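A.B. asks: turn this into a structure:
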Amino acid sequence: MSSINFQRTYLLREAYKSIKERDIHVLDKYWGYPNLITFDDLERSVTFTTERLIPAASTNRPCVMLLFSNPHPHSVHQGMFLSPNTKGREKLFLPVMGAAGWLSIAEGTYSPKQLADICVKAKYREPFDLIFYCYYAFPTDYPEDIIRIFGREYFSQSIEPKAADEFRQTIQAASVNAVVTFNKGIFNLVSQAPIERYVERLKAGDLIQSQIKGIDRTVPIFLTYPTGWRYHRQYRQFRKASLDTIRTAICTVSKH
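C.D. replies: The predicted model follows:
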């Protein structure tokens, strides 16, 4: 397991039995993955493996957080964010990030663990040190599955407050200069100015920007297309153009 993986435990108490039953139903296809999710009937808790990638040492480049909703079980199993899917198909994320000048990996075939090592050691030439961060720690196919599994009460009383606190603490501790998110729901949770429709604005070339709320300094947050968005013949060009615009905006601010 790569250095970006770590484990968390949720104490479930009286909700234990129902949460365990729902988890087995929702995530049944991943139960063969070792150490991904383990229930403890005695402690009435669940321990799971999650992921976070923070470069091991600063290179004095601006620090930018790439903010995702939550880990995918298959990526956690492979040891790197946005690894090839269960059918072995490469995600669009790295090729588009490379084309936009954010994270260009040298030609060659790399395993997920090799890519994780490159990113942990920041062995790339692009202008930012990149943090890969999931707002929610629990691994599921979709962020909506977290509420399906844990229920709205446990989610709102335990998972959501802890996620908000840890996110703000990480922004401060890692001296993050800017945040880029690929999920409108997460953008609306953490930004001072929530939005509604945004894809058409992005396609028109708009820069969707706000500030992180609840911290004692100014940290801009930008919204771009979801990592799997491909609903246009020119989806690669649109996604690259949005990341180009965001990169320019962050570089401009960092120079002042």
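A.B. asks: going forward, measure contacts between C-alpha atoms and count neighbours the same way
C.D. replies: Noted.
A.B. asks: check the most centrally placed residue in the chain and give its pLDDT.
C.D. replies: Closest residue to the average C-alpha location of the chain: Phe68 at 2.3 Å, with C-alpha atoms, centre = their mean. As predicted, Phe68 sits at a pLDDT of 97.
A.B. asks: so what pairs up with it in the strands?
C.D. replies: Going by DSSP bridges, Phe68 is paired in beta bridges with Cys134.
A.B. asks: where's Ser58 relative to Gln114, distance?
C.D. replies: Going from Ser58 to Gln114 by C-alpha to C-alpha, to the nearest Å gives 20 Å.
A.B. asks: and the closest residue to Gly214 other than its chain neighbours, how far is that from Leu189?
C.D. replies: In space, and not counting its chain neighbours, Gly214 is closest to Arg168: 7.4 Å by C-alpha to C-alpha, 6 or more residues apart in numbering. Separation of Arg168 from Leu189 (C-alpha to C-alpha) stands at 12 Å.
A.B. asks: any idea how far Asn35 is from Thr9?
C.D. replies: Computed as C-alpha to C-alpha, the Asn35 to Thr9 distance reads 12 Å.
A.B. asks: strands of this structure, residue ranges please.
C.D. replies: Along the chain, the stretches classed as strands by DSSP state E are 5-11, 37-40, 45-51, 63-68, 129-134, 178-181, 208-211, 220-223.
A.B. asks: let's have those in JSON lines, adding distance to Arg239.
C.D. replies: Below are the strands of the chain laid out as JSON lines (distance: least, C-alpha to C-alpha, whole Å):
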{"stretch": "strand 5-11", "distance to Arg239": "28"}
{"stretch": "strand 37-40", "distance to Arg239": "34"}
{"stretch": "strand 45-51", "distance to Arg239": "25"}
{"stretch": "strand 63-68", "distance to Arg239": "15"}
{"stretch": "strand 129-134", "distance to Arg239": "18"}
{"stretch": "strand 178-181", "distance to Arg239": "13"}
{"stretch": "strand 208-211", "distance to Arg239": "13"}
{"stretch": "strand 220-223", "distance to Arg239": "11"}
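A.B. asks: between those strands, which gets nearest to Lys20?
C.D. replies: Proximity to Lys20 (C-alpha to C-alpha) singles out strand 37-40 among the strands of the chain, at 7.2 Å.
A.B. asks: what residues sit buried inside the closest one?
C.D. replies: 37, 39 (16 or more other C-alpha atoms under 10 Å).
A.B. asks: how about stretch 207-225?
C.D. replies: Result for stretch 207-225 [16+ other C-alpha under 10 Å]: buried residues 207-213, 219-225.
A.B. asks: pipe the residues you listed into TSV and attach pLDDT and distance to Thr245 per row.
C.D. replies: TSV is the format used below for these (pLDDT from 0 to 100; distance: C-alpha to C-alpha, whole Å):
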residue	pLDDT	distance to Thr245
Leu207	97	7
Ile208	97	10
Gln209	97	11
Ser210	97	15
Gln211	97	17
Ile212	97	19
Lys213	96	23
Val219	97	17
Pro220	97	14
Ile221	98	13
Phe222	98	10
Leu223	98	11
Thr224	97	10
Tyr225	95	12
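A.B. asks: just the residues you listed now: which is nearest Lys184?
C.D. replies: Among the buried residues of stretch 207-225, and counting by C-alpha to C-alpha, the member closest to Lys184 is Leu223, at 7.0 Å.
A.B. asks: possible to save the buried residues of stretch 207-225 as a markdown table with distance to Tyr16?
C.D. replies: As requested, these are exported to a markdown table (distance: C-alpha to C-alpha, whole Å):
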| residue | distance to Tyr16 |
| --- | --- |
| Leu207 | 44 |
| Ile208 | 40 |
| Gln209 | 40 |
| Ser210 | 38 |
| Gln211 | 37 |
| Ile212 | 34 |
| Lys213 | 33 |
| Val219 | 38 |
| Pro220 | 39 |
| Ile221 | 36 |
| Phe222 | 37 |
| Leu223 | 36 |
| Thr224 | 37 |
| Tyr225 | 36 |
